[in-house]
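Chemist: What follows is a predicted structure for the sequence shown.
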Amino acid sequence: MEGYVLKLATERKSIRAYSSEEISLSKVLYAIRAALQAPSGANQQPWSFIVIQDPKIKEEIRKACESGERRFYRMVRGGLREWLESKGLNWEKPFLIEAPYLIAVFAQLGKPFSIQSTWLAIGYLLLALEEVGLASLTYTPPNPSEISRILGAPRDMVLQTIIPVGKAKGEKKKEPRKDLEETTYLNRWGSPLVSVVKET
């Protein structure tokens, strides 16, 4: 149906608070199956996923992430600090244990365009989670190697993000997005899309 992907993308929000409602693992695996269809450099498909349900492992991940976040927040200054404070963000990451599942996403070193390819797969994953009614967040800890150690990942697999998955607790407005005309040009940098937009 025309417009369905845009509808999913428009409705999707980054969620940092999760309810205790249980969700089906099959929905999470459906989203990963969608992610596996993403394009990749030389079709190397350099991504791997770990689905984490065990509360003890989630707690260990949270402790490690918050330790790294404390160091980060002690160092951050200026505009970034003001922005973080305005959003109510701090070193605490309770969503890492609140969400029923975490998905750790890894990219394999040495593969062509492995980082870019893996993030394409992450984009597919997020939209598929939205399709099945699940909330998500892309959280990248400041100490990814520590999380890789906890999860026993091989040294050539680099953690890209941890995605909590579940049902949102409460309502959240979507952060504003830039318009098409602010971000897209026709043929050359700075050439406006005005005439094309009027025709569509």
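Modeler: Perfect, I can see it now.
Chemist: Alpha carbons of whichever strand in the chain runs longest, in PDB - could you do that?
Modeler: Counting residues, the longest strand in the chain under DSSP state E turns out to be strand 157-166. Extracted in PDB, the C-alpha atoms of strand 157-166 (Å, rounded to 0.1, in the frame of the first residue of the first chain):
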ATOM      1  CA  MET A 157      32.500  -8.000  16.000                       C
ATOM      2  CA  VAL A 158      32.000  -4.300  17.100                       C
ATOM      3  CA  LEU A 159      28.900  -3.300  19.000                       C
ATOM      4  CA  GLN A 160      27.000  -0.600  17.200                       C
ATOM      5  CA  THR A 161      23.900  -0.200  19.400                       C
ATOM      6  CA  ILE A 162      21.700  -1.800  22.000                       C
ATOM      7  CA  ILE A 163      18.000  -1.600  21.200                       C
ATOM      8  CA  PRO A 164      15.500  -2.000  24.000                       C
ATOM      9  CA  VAL A 165      12.200  -3.500  22.800                       C
ATOM     10  CA  GLY A 166       8.900  -3.500  24.400                       C
END
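Chemist: What mean pLDDT does whichever helix or strand comes after it get?
Modeler: Next in sequence after strand 157-166, counting helices and strands by DSSP states H and E, comes helix 180-183. Helix 180-183 shows a mean pLDDT of 91.
Chemist: list the helices and strands helix 180-183 packs on?
Modeler: helix 194-199 (3 or more C-beta pairs under 8 Å, 6 or more residues apart in numbering; DSSP states H and E). Any C-beta I mention is one placed from the backbone N, CA and C, and that applies to glycine too.
Chemist: I'd like the average pLDDT over the helix it packs on.
Modeler: In this model, helix 194-199 carries a mean pLDDT of 57.
Chemist: and what of stretch 75-85?
Modeler: 87.
Chemist: what's the answer for stretch 88-103, then?
Modeler: Stretch 88-103 comes out at a mean pLDDT of 95.
Chemist: thinking Gln174 is in contact with Glu130, fair?
Modeler: In this structure residue 174 is Lys, not Gln. No: here Lys174 does not reach Glu130: they are 11.5 Å apart, not a contact under C-beta atoms under 8 Å.
Chemist: overlap in contacts of these two?
Modeler: By C-beta atoms under 8 Å, 6 or more residues apart in numbering, Lys174 and Glu130 have these common neighbours: 11-12.
Chemist: ok, the two, which is more surrounded?
Modeler: Between Lys174 and Glu130, counting by other C-beta atoms under 10 Å, Glu130 is the more crowded of the two (19 against 10).
Chemist: Helix or strand for the more buried one, just tell me which one.
Modeler: helix 114-131.
Chemist: picking that back up, can you list the helices and strands that the longest strand of the chain packs against?
Modeler: So strand 157-166, by 3+ C-beta pairs under 8 Å, 6+ apart, packs with helix 95-98, strand 101-108, helix 114-131, strand 135-136, helix 144-151.
Chemist: Nice, that's everything, thank you.
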